[in-house]
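A.B. asks: Got a sequence here, can you model it:
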Amino acid sequence: MAHPEPPAAVEVHQPHPITVHPPAASVLPVQPHAVPAVASVVLPDGRVVTGYTIELTKPEPIVAKPVVSRTAVNVALGGVGFLAVCGGLLLLTTFITALTALITQLVTLAAVIFGGWIAVQVFSGNSHQGGGTTVHIRKAVFRRNHFHG
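C.D. replies: Just a heads-up that it's a prediction; the model follows:
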């Protein structure tokens, strides 16, 4: 199958605006100021393209910007507030840790004192009973393996 030959050099045509000589002033209609002017261009192939002209955009005037932006100030203030909150939380956790240690020590001290009191009660003899363990069973009294009726 044969491939088609590529086209010869491509010609580029630049459009030329149509110059229209206006008729007498009495025949020319006057357009209001709100409607933009209409321009027509003849293309190389003979077609006429008509459209409105576009005004060029004017650049914004340069406004002096502040040395420090508002965003930077807000971020800095937020950082200061965050540090203040973190410092308060650190103090709060330190206080809770110290309070927990104090409660633990008080419970341990109470256990040692109560345990010591129990030990003293167990290992010391009761002088009002004459020594020994007394067990009452059905009106009988046993004292150190001796029956008393």
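
A.B. asks: Distance of T94 relative to Q105?
C.D. replies: 17 Å (C-beta to C-beta, to the nearest Å). Glycine gets a C-beta too; all of them are placed from N, C-alpha and C.

A.B. asks: What of A64?
C.D. replies: In terms of C-beta to C-beta, A64 sits 66 Å off from Q105.

A.B. asks: ditto for T71
C.D. replies: 51 Å.

A.B. asks: and if you look at V75?
C.D. replies: 45 Å.

A.B. asks: V63 now?
C.D. replies: 67 Å.

A.B. asks: Which one's more surrounded, the two?
C.D. replies: Set V63 next to Q105 and count neighbours by other C-beta atoms under 10 Å: Q105 wins out with 10 against 5.

A.B. asks: how close does the more buried one get to V67?
C.D. replies: 57 Å.

A.B. asks: Please report phi then psi for V63.
C.D. replies: The phi and psi values for V63, taken as degrees, to the nearest 10, are phi -110, psi 140.

A.B. asks: Where does S40 sit, in terms of helix or strand?
C.D. replies: strand 38-42 (DSSP states H and E).

A.B. asks: Next, the residues that contact that strand from outside, please.
C.D. replies: The contact list for strand 38-42, computed with C-beta atoms under 8 Å, 6 or more residues apart in numbering, reads 15-18, 48-53.
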